[in-house]
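Colleague: return atomic coordinates for the entry below.
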Amino acid sequence: MRWNELSEENCSMARTISVIGDRWTLLILRDCFLRVRRFEDFQERLGITRPILANRLKKLVDEFVLVKVPYQQRPRRYEYRLTQKGLALYPIVMAIVHWGDVYMAGKKGRPLVHTHDLCGKAFDPMMVCSECGEQLSPKQVHVRPGPSAKDPRHLPLETDLPGPRRLAKEKAAS
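Modeller: Got it, this is the predicted structure:
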């Protein structure tokens, strides 16, 4: 699988990584959720070169994750705002932040504390089932092929659809 072909894969993870899967893009998204909007502010905060920043912002605009909104007419200047598609990345960004808080923060603890406006409490993000509301654990979730599943490389190993690994395993067992 080549980096520039990820968007063509029949895999939601690969297609998502094709949009947000490099370090600069993730850091730009982090800053977007911290309400950074202007090119110069991104550049100053990240220490990123202008060409790399321009490239990543263009890709996020092209993918409708961000929208460019003019904030000044002369000279014409823009700020970058999250679209609905961009806002939908919040759980992903928060999951990465939480993992870093738990496993990478060190002895002093997390660098930022997130507070829920409605209850006023600091919180840790968690995934819950959309149907029953219970917290999800990887050991309590099973995956099955969906309507567009076709490439066995992206299916679980224990699936009813024949794939190269399963067929080889069955052949060896017989």
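
Colleague: so where do the strands sit in this structure?
Modeller: With strands called from DSSP state E, the chain shows them at 66-72, 77-82.

Colleague: winner for burial among these?
Modeller: Stretch with highest mean neighbour count among the strands of the chain: strand 77-82 (a mean of 17; mean count of other Cβ atoms under 10 Å). Quick note: C-beta positions are derived from backbone N, CA and C, even for glycine.

Colleague: what's the model's confidence in that one, averaged?
Modeller: Confidence over strand 77-82, taken as the mean pLDDT, stands at 97.

Colleague: residues in contact with that strand?
Modeller: Applying Cβ atoms under 8 Å, 6 or more residues apart in numbering, the set of residues contacting strand 77-82 from outside is 32-33, 37-39, 42, 57, 60-61, 65-71, 89.

Colleague: same check on stretch 28-37?
Modeller: Outside of stretch 28-37, the residues that reach it under the criterion Cβ under 8 Å, 6+ apart are 20, 41-42, 45-46, 53, 56-57, 60, 65-66, 79-82, 86, 89-90, 93, 97.

Colleague: please state the offset of that stretch from the chain centre?
Modeller: What separates the centre of stretch 28-37 from the centre of its chain is 14 Å, taken as Cα atoms, centre = their mean, to the nearest Å.

Colleague: go on, stretch 51-67?
Modeller: Put simply, stretch 51-67 sits 15 Å off its chain's centre (Cα atoms, centre = their mean).

Colleague: pLDDT on that stretch, on average?
Modeller: 98.

Colleague: use 4 as the first number for this chain going forward.
Modeller: OK, 4 is where the count begins now, so the last one is stretch 54-70.

Colleague: show me which residues of it are buried.
Modeller: Along stretch 54-70, the positions that meet the burial threshold by neighbour count (16 or more other Cβ atoms under 10 Å) are Leu56, Arg59, Leu60, Lys62, Leu63, Glu66, Val68, Leu69, Val70.

Colleague: over to stretch 93-105?
Modeller: Here stretch 93-105 shows Val96, Met97, Val100, His101, Asp104 as buried, counting by 16+ other Cβ under 10 Å.

Colleague: got the contact list for the residue nearest to the fourth one when sequence neighbours are not counted?
Modeller: So that's His101. Spatial nearest neighbour of His101, chain neighbours left out: Pro128 (5.2 Å); criterion: Cβ to Cβ, 6 or more residues apart in numbering. Applying Cβ under 8 Å, 6+ apart, one finds that Pro128 lies in contact with Pro94, Met97, Ala98, Val100, His101, His117.
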